[in-house]
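K.L.:
Pasting the sequence and the predicted model now:
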Amino acid sequence: MTLGERVDLLDSFGIDHAVLLPPSGAQGLGAPSMTAVNDFVARTVEQAPERFVAGVAHIALSEGEEACAAELERAVNDLGMRGAVWHHRFQGVHLDHGLMPNLLHQCADLGVPALIHLMAGSSLEATWRLENLLEECPKTKVLALDAFSSFDRAGEVTLLARKYPNLYCDLGCMPSTMAIPIMTYLEIIGAQRLVLGTDLYMTPQTWFFPSPVYEILHLNLTDKVKDAVLSGNAFELFSIDKSRIS
C-alpha cells in the first residue's frame, strides 16, 4: 500500500490520525530484518506526520537477545518509535518466551508501551501467558492487541485488567457482535484503558471496514468516553504531543 493509498483509506472512514504498526507475519528465510522493517515504518511516519502520528517497532525474537535489545533502543531513541510490538503466533514462540521480561523492562525504562497480540484460538498467545509477563513486569504499560477477538478472550482480559492496572486493551480484530463485552469492560475497568484498533494498516488488506469505530460511536456512551476510546487514550499511551498535529 502506498502512502497515498493509506491516507485515502483513513479519509474514507473519517479517521484523522493513526499509529502505524509494522507487519508481524514476514518471518524466516528471505524476510526483511527487523531493522529494515522499522526503518520503513519510520520513513512512512516522517512523510506524513500529521496523519501517522507515531510508529511502533517490530522486535523479532529470532534475531537473539542482544540484537533485540539494541534494536529496541535504536527504534525508540533514534527513530522516534513510540512502542514495540510482538505477534508471537507469527514469530512461532509462546508469549511468555524467556526473552520477553527483559524486553518489557527495557520498554518501561525507555518510557514506551509493549504491544502484545492476544489472538483468540492461539495457545501461543494465551491470556495465562500474558499474566506471567504482567506479574513479572508491573512497571511496563502493556497493550493487549486483539483483546476482543472473541467473547471468551474479552472476558479473560477484563479479569486481567481488573487485576493489573498496567494492562490496556485494544479493539483490533473484533467481531461485529461485541457491544456487551465492551460495555462490561467499561463498567468494570473504566474508559481510560480501552484503545481503538482497526487493523486497516494490513497489506494485503484483510479488513475493509473498521467496525470498532462505528461500534463505539453508536454505543450508549457519553461523548467523553467515546473521545477517550477513539483517540484520547492512544494519545496518552503513546505520549503523542497533540499540539504538533494540525
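P.N.:
That came through fine.
K.L.:
tell me the contacts of Cys68?
P.N.:
Met34, Ile59, Ala60, Leu61, Leu99, Leu103 (C-beta atoms under 8 Å, 6 or more residues apart in numbering). C-beta coordinates here come from the backbone N, C-alpha and C atoms, glycine included.
K.L.:
can you rerun that using 7 Å?
P.N.:
Residues in contact with Cys68 (C-beta atoms under 7 Å, 6 or more residues apart in numbering) are Ile59, Leu61, Leu99, Leu103.
K.L.:
what do you get for Leu167?
P.N.:
Residues near Leu167 by C-beta under 7 Å, 6+ apart: Leu134, Val142, Ala144, Leu160, Ala161, Arg193.
K.L.:
try 8 Å this time
P.N.:
Neighbours of Leu167 in contact, by C-beta under 8 Å, 6+ apart: Leu134, Val142, Ala144, Val157, Leu160, Ala161, Arg193.
K.L.:
again, but for Glu131
P.N.:
Counting by C-beta under 8 Å, 6+ apart, Glu131 has contacts Leu160, Lys163, Tyr164.
K.L.:
Sketch out the strands for this structure, chain order is fine.
P.N.:
All strands of the chain, identified by DSSP state E, fall at 18-20, 52-55, 57-58, 84-86, 114-117, 142-145, 167-170, 194-195.
K.L.:
Can I get those strands in JSON lines including distance to Ala69?
P.N.:
As requested, those are exported to JSON lines (distance: least, C-beta to C-beta, whole Å):
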{"stretch": "strand 18-20", "distance to Ala69": "22"}
{"stretch": "strand 52-55", "distance to Ala69": "19"}
{"stretch": "strand 57-58", "distance to Ala69": "12"}
{"stretch": "strand 84-86", "distance to Ala69": "11"}
{"stretch": "strand 114-117", "distance to Ala69": "13"}
{"stretch": "strand 142-145", "distance to Ala69": "18"}
{"stretch": "strand 167-170", "distance to Ala69": "23"}
{"stretch": "strand 194-195", "distance to Ala69": "26"}
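K.L.:
Please tabulate those in TSV, including the columns distance to Met1 and mean pLDDT.
P.N.:
What follows is the strands of the chain, written out as TSV (distance: least, C-beta to C-beta, whole Å; pLDDT from 0 to 100):
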stretch	distance to Met1	mean pLDDT
strand 18-20	11	94
strand 52-55	12	96
strand 57-58	17	96
strand 84-86	18	97
strand 114-117	20	98
strand 142-145	20	98
strand 167-170	21	98
strand 194-195	22	98
